[in-house]
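Participant: Sequence unavailable; structure follows:
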C-alpha cells in the first residue's frame with residue numbers, strides 16, 4: 001500500500017495528455033482512520049508548511065460537508081503548468097508516507113483536470129481560496145458534446161452581460177476517472193450571501209436568453225444540454241476550507 005501511495009499522492013511524473021498551454025489542477029480525497037483524525041490533520045498541516053509554502057507548490061485542503069463522502073478531506077493542487085509534472089518530489093512524497101500515511105484509512109486516488117478558461121467565470125488564481133466550494137460533477141456522453149458546451153457558453157455570455165458576480169470554473173478530466181467527466185466548481189464565502197447575483201435581481205433570465213440567442217432557444221438548448229448527460233450522471237457536493245491544513249501565502 002505504501003508503494004501505491006507514493007505513486008499516487010502527488011504524482012509529478014510526465015503525462016502524455018499534458019499540454020503546455022493548459023492550466024492543470026489535481027484533487028484527491030482522503031479518509032482518516034477512526035480515532036486518528038487529529039493526527040491526520042496535524043500531519044497534513046506540518047507537511048503543507050514544510051513543502052507547500054510558495055505559489056508554485058501551494059495546496060488547499062477542504063473537508064466534504066455534504067454527500068456520500070461527507071467527512072473526507074480533499075487536497076487540491078491548483079494552477080500548475082505541464083512542466084510541474086516533470087519535477088522530482090521524492091523527498092516530499094517520502095515525508096508524507098512517513099508522517100501522514102499511518103493515519104490514512106482510504107484514499108480515492110488523484111484526479112487530474114485542466115481548467116477551461118473560456119468557460120469559467122470571474123475566476124482569479126491570485127485570490128485566496130474561498131471558504132466554501134460547491135462541486136457539480138457531470139458525466140457526459142461521447143456524442144453530441146457540442147450541445148453541452150453550447151448551452152454552457154451561452155449562459156456564461158449572458159450572465160456576464162447581466163453583471164453576474166459569482167465565481168465558477170469548469171474543469172475537464174485528464175486522468176483518474178470517467179472518460180467524459182466534467183467538474184464545475186463554484187466558490188463562495190457565505191451561505192447567507194450565496195453564490196452570486198445579477199445586477200438586476202428581478203431579471204427574467206429565460207426571456208433574456210431568448211432575446212440574446214433567438215426565440216425559444218433557451219428551451220431547446222437546455223433540452224439538448226440535458227440529453228448529453230448520462231443517466232445519473234450529475235453529482236453535487238459541498239466542501240469547507242481547512243486553513244490550518246492549507247498553504248498560507250502572503
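Facilitator: In hand now; what should we look at? Note that the structure is predicted; figures quoted are calculated from it, not measured.

Participant: mind listing the helices for the protein?
Facilitator: Secondary structure of the chain by DSSP state H: the helices cover 2-8, 37-51, 90-99, 145-161, 205-213, 217-227.

Participant: Strands of the chain, start to end?
Facilitator: Counting by DSSP state E, the segments of the chain that form strands are 24-32, 60-64, 73-80, 104-107, 111-115, 132-140, 167-175, 181-188, 229-241.

Participant: Export those strands as JSON lines, with columns for distance to residue 94 and mean pLDDT.
Facilitator: (Each C-beta comes from the backbone N, C-alpha and C, glycine too.) Formatted as JSON lines, the entries for the strands of the chain read as follows, by distance: least, Cβ to Cβ, whole Å; pLDDT from 0 to 100:
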{"stretch": "strand 24-32", "distance to residue 94": "17", "mean pLDDT": "97"}
{"stretch": "strand 60-64", "distance to residue 94": "20", "mean pLDDT": "98"}
{"stretch": "strand 73-80", "distance to residue 94": "17", "mean pLDDT": "96"}
{"stretch": "strand 104-107", "distance to residue 94": "15", "mean pLDDT": "97"}
{"stretch": "strand 111-115", "distance to residue 94": "22", "mean pLDDT": "96"}
{"stretch": "strand 132-140", "distance to residue 94": "30", "mean pLDDT": "98"}
{"stretch": "strand 167-175", "distance to residue 94": "23", "mean pLDDT": "97"}
{"stretch": "strand 181-188", "distance to residue 94": "30", "mean pLDDT": "98"}
{"stretch": "strand 229-241", "distance to residue 94": "27", "mean pLDDT": "97"}
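
Participant: By mean pLDDT, flag the weakest helix or strand of this structure.
Facilitator: Counting by mean pLDDT, DSSP states H and E, the chain has its least confident helix or strand at helix 2-8, which shows a mean of 35.

Participant: Tell me the spacing between the most centrally placed residue in the chain and residue 136.
Facilitator: In the chain, the C-alpha closest to the average C-alpha coordinate belongs to residue 185, at a distance of 5.3 Å (Cα atoms, centre = their mean). In this structure, residue 185 and residue 136 are separated by 8 Å, where distance is defined by Cβ to Cβ, to the nearest Å.

Participant: same check, this time on residue 226
Facilitator: Residue 226 sits 14 Å away from residue 136 when distances are taken as Cβ to Cβ.

Participant: same deal with residue 94?
Facilitator: In terms of Cβ to Cβ, residue 94 sits 36 Å off from residue 136.

Participant: So which of those two has more stuff around it?
Facilitator: residue 136 (15 against 11; other Cβ atoms under 10 Å).

Participant: quick one: furthest residue from the center of this protein?
Facilitator: Relative to the average C-alpha location in the chain, and by Cα atoms, centre = their mean, no residue lies farther out than residue 215, which sits at 34.5 Å.
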